[in-house]
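>>> For reference, the sequence and a predicted model appear below.
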Amino acid sequence: MTRHARHRTRRLPSHAHEQQARILAQALPFLRRYAGATIVVKYGGHAMGEEHLAETFGSDIALLKQVGVNPVVVHGGGPQINAMLKRLDIQSTFVDGLRVTDDKMVEVVEMVLAGTVNKHVAGLINRAGALAVGICGKDGGLIRARKLRRTKRDPDSNIERVLDLGFVGEPEAVDVRVIHALTGAGLIPVIAPVGVGADGQTYNINADTVAGAVAGALGASRMLMLTDVPGVLDNNKKLIPEMTIAEVQAGIASGMISGGMIPKVETCVEAVRAGVKGAVILDGRQPHVCLLELFIEGGHGTLIRA
């Protein structure tokens, strides 16, 4: 008898064990489906702020890599930026509800997003047994950015005026070579949403927008957008499991999709148009939500597809 065998005790399988085995068997077709696939995950909200959810997220991303999926993580960090601005006594200014990022503030944004937050998220995955590397859009020319142009129509004169938000940008081009280099070496890229302009200027970019642009450039099988809501809800507040681009546009036109959900679904639509097979809005407050979406029949959020 081997030393290992002496420690085994023969037990009849319990109901819980049978259930675990059944779950594994049911997941097998999905494991096959996503083997070798690229999955871009936008990480933010409560999933990022609560310790037990953060630890669960790290272990889930590590597991995806270990079963043959290529996860790419893009993270936000708004609350952490706000906390640092407060500590440094830097006052925020807003134009029509949008924060202006001046030269002092963009330094803080880069320090927090590409520094503290980026390494923390990579650390969550590393502690779970995978190898994650934190980078930002400035590394390897990953994200070339341009100044974000926002306009507002004056209700009295009906004239559109341009809002100057400072160093707030949007992706102009995504060079995925650095991502392929990392994933090809068995590493998980963790990307901070900071880009660089043609003139070398640093830009703060919305993390949802970066996730959509990266997913589109990679032709990802899925983009998973972790939010603080279950997904897109209908007029009766029930979750809509799947929507086409046309249905999303109709939902915005009718007012069913409103407020902060509009930019999220628009990002998903742009990603799908760019070649992502499906973009999913998920409730990041649900533990293991990425695994539930990918490996359970029917998914767990709202899937947006062509």
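Perfect, I can see it now.

>>> What residues are bridge-paired with the residue most central in space within the chain?
The residue lying closest to the centre of the chain (C-alpha atoms, centre = their mean) is residue 42, at 0.3 Å. Beta-bridge pairing of residue 42, defined through DSSP bridges, involves residue 74, residue 225.

>>> Distance-wise, check it relative to residue 211.
Using C-beta to C-beta, to the nearest Å, one obtains 4 Å as the distance from residue 42 to residue 211. All C-beta spots, glycine's among them, are computed from the backbone N, C-alpha and C.

>>> so what sits against both of the two?
Contact criterion C-beta atoms under 8 Å, 6 or more residues apart in numbering; residues shared by residue 42 and residue 211: 74, 223, 225.

>>> Rebuild these as CSV, extending it with pLDDT, distance to residue 127 and neighbour count.
Putting those into CSV (pLDDT from 0 to 100; distance: C-beta to C-beta, whole Å; neighbours: other C-beta atoms under 10 Å) gives the following:
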residue, pLDDT, distance to residue 127, neighbour count
74, 98, 20, 28
223, 98, 25, 31
225, 97, 24, 30
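
>>> ok, of those residues, which one's closest to residue 199?
The shortest approach to residue 199 among the shared contacts of residue 42 and residue 211 belongs to residue 74, at 24.2 Å (C-beta to C-beta).

>>> List the contacts of that closest one.
Listed by C-beta under 8 Å, 6+ apart, the contact partners of residue 74 are 40-43, 191, 193, 207, 210-211, 214.

>>> pretty sure residue 70 is touching residue 34, no?
No. With contact defined as C-beta atoms under 8 Å, residue 70 does not reach residue 34; the gap is 9.3 Å.

>>> So for the two, which sits in the more crowded spot?
Neighbour tally, residue 70 and residue 34, criterion other C-beta atoms under 10 Å: the higher count belongs to residue 70, 25 against 19.

>>> Now for the more buried one: which residues touch it?
Contact analysis of residue 70 by C-beta under 8 Å, 6+ apart lists 36-39, 183.

>>> try 7 Å this time
Neighbouring residues of residue 70 by C-beta atoms under 7 Å, 6 or more residues apart in numbering: 37-39, 183.

>>> and if you look at residue 273?
Under the criterion of C-beta under 7 Å, 6+ apart, the contact list for residue 273 is empty.

>>> Can you list phi and psi of it for me?
Backbone geometry at residue 273, expressed as degrees, to the nearest 10, gives phi -60, psi -30.

>>> What's the separation between it and residue 142?
Using C-beta to C-beta, residue 273 is found at 21 Å from residue 142.

>>> Touching, residue 189 and residue 135? I think so.
Yes. If you go by C-beta atoms under 7 Å, residue 189 and residue 135 touch, sitting 6.1 Å apart.

>>> Between those two, tell me which one has more neighbours.
Each of residue 189 and residue 135 has its neighbours counted (other C-beta under 10 Å); residue 189 has more, 25 against 19.

>>> Many thanks, have a good one.
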